[in-house]
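Novice: Fold the following for me, if possible:
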Amino acid sequence: MSNITPLSLVAATVFISSSAFAALPQGYPADYQKVVDAATKEGKVIIYSTTDIKAAGPLIKGFETTYPGIKVEYNDMNSTELYNRFISEQASDGSSGDVVWSSSMDTGLKLATDYAQEYQSPELGQLPKWAVWKNKAYGTTYEPVVIIYNKRMIPAGDVPDSHTALAKLIASQTDKFKGKVTTYDIEKSGLGFMLSVQDSKADPDYFKTLAEVAKGGLSVQSSTGTMMERVSSGENLIGFNILGSYAEARAKTDPSLGIAYPKDYTLVLSRVSFISQQAPNREAAKLWLDYVLSEKGQSILANQADIPSLRNDIEGKNDIDGMTKMLGNALKPIPVDESLLEYLQPKKRLDYIKQWRTAAGK
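Specialist: Next comes the predicted model:
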């Protein structure tokens, strides 16, 4: 036995080492192997995310295939739940996520300002400057915000191609659209609140436009899935401020769901991610973040999860280059910077919600 055990250990060590080394991405610094080895010893990474588990599934599978010694513990929740849970766990020094990945860019950045560790990803040079905040918070996607509609009930000639056209359509047919227009409830959805604020920054007449859109009455929801389901069924006819990534994925198998990209301006969301200062699996967290930002991870997001890449070197049209060719100057990426925090101040947030409710007739 004394002769067998050391040989077995050596064989196992060689196997693990060579397997980990094979996973080392091309072009990464040589000492990155230490990160891989340490992450393999940790054995798992805990993700707190607003990205639907179905959409994230291919990315998780790709990561675990690349790093077979590390399991992904994925926690899918809405943006408000994620924000409150993470803060509560940090305050109590309880167990928590290693990585936060949130579509609610403002609350995601707010968490990053208080809880993110600084980490310079090897992928930094491949990312737009607006997508990186102090090497702590990283934008990870490039997702246009769209209008969805029921193709059976809205003629092709009536499909709005701008926010103004949407308002004119609804205001001119209030009986048809009464109670049939859906969007986010900005009090219940952090993502919905953030997108509304960005609308108001992009369009000086936003609240006037919103009032026109709301003439038939708004049906507000807290999730994209619910809005798409209602538009598809005909319970609602049209919806706005919908994540194009989710809409495009559903439209592939749902002939009733149509998608319009506004040509006056199209907001572009980038899901914010950071590594927690208190991450118990901090090396595995680095691997995960780098994988998400890498060409391989971004390709999976773009081509398997229908979530557009913020890189410009991804095969296919579902990246920055592809979106730019389609929408050009209409694209308005939301920067990952302090401007996101302005309306999170309690008084300013409350005043904004009141103004929104007045315009929306809520």
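Novice: And the helix or strand harbouring G322, what's buried?
Specialist: G322 is part of helix 320-327 when elements are defined by DSSP states H and E. By neighbour count with 16 or more other Cβ atoms under 10 Å, helix 320-327 contains the buried residues I320, G322, M323, L327. Any C-beta I mention is one placed from the backbone N, CA and C, and that applies to glycine too.
Novice: just those residues now: which is nearest Y149?
Specialist: Within these, the smallest distance to Y149 is 18.0 Å, found for L327 (Cβ to Cβ).
Novice: one step back: could you dump the buried residues of helix 320-327 into TSV and include pLDDT?
Specialist: Putting the buried residues of helix 320-327 into TSV (pLDDT from 0 to 100) gives the following:
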residue	pLDDT
I320	95
G322	93
M323	94
L327	93
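Novice: any chance of those residues in JSON lines, with distance to V36 too?
Specialist: Listed next are the buried residues of helix 320-327 as JSON lines, based on distance: Cβ to Cβ, whole Å:
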{"residue": "I320", "distance to V36": "29"}
{"residue": "G322", "distance to V36": "32"}
{"residue": "M323", "distance to V36": "33"}
{"residue": "L327", "distance to V36": "38"}
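Novice: hmm, back to that, find out how far the helix holding G322 is from the centre of the chain, if you would.
Specialist: 18 Å (Cα atoms, centre = their mean, to the nearest Å).
Novice: What of stretch 303-318?
Specialist: 14 Å.
Novice: before we move on, the earlier item: what's the next helix or strand after the helix holding G322 packed up against?
Specialist: Beyond helix 320-327 in the direction of the C-terminus, DSSP H and E gives the next helix or strand as strand 331-333. Secondary-structure packing of strand 331-333 (3 or more Cβ pairs under 8 Å, 6 or more residues apart in numbering; DSSP states H and E): strand 266-269.
Novice: Mind checking the pLDDT average for stretch 62-78?
Specialist: Mean per-residue pLDDT for stretch 62-78: 95.
Novice: Tell me if G258 really is in a helix.
Specialist: No. With DSSP: H, G, I helix; E, B strand; the rest coil as the criterion, G258 is located in strand rather than a helix.
Novice: burial of it, as a residue count?
Specialist: G258 has 22 neighbouring residues, counting by other Cβ atoms under 10 Å.
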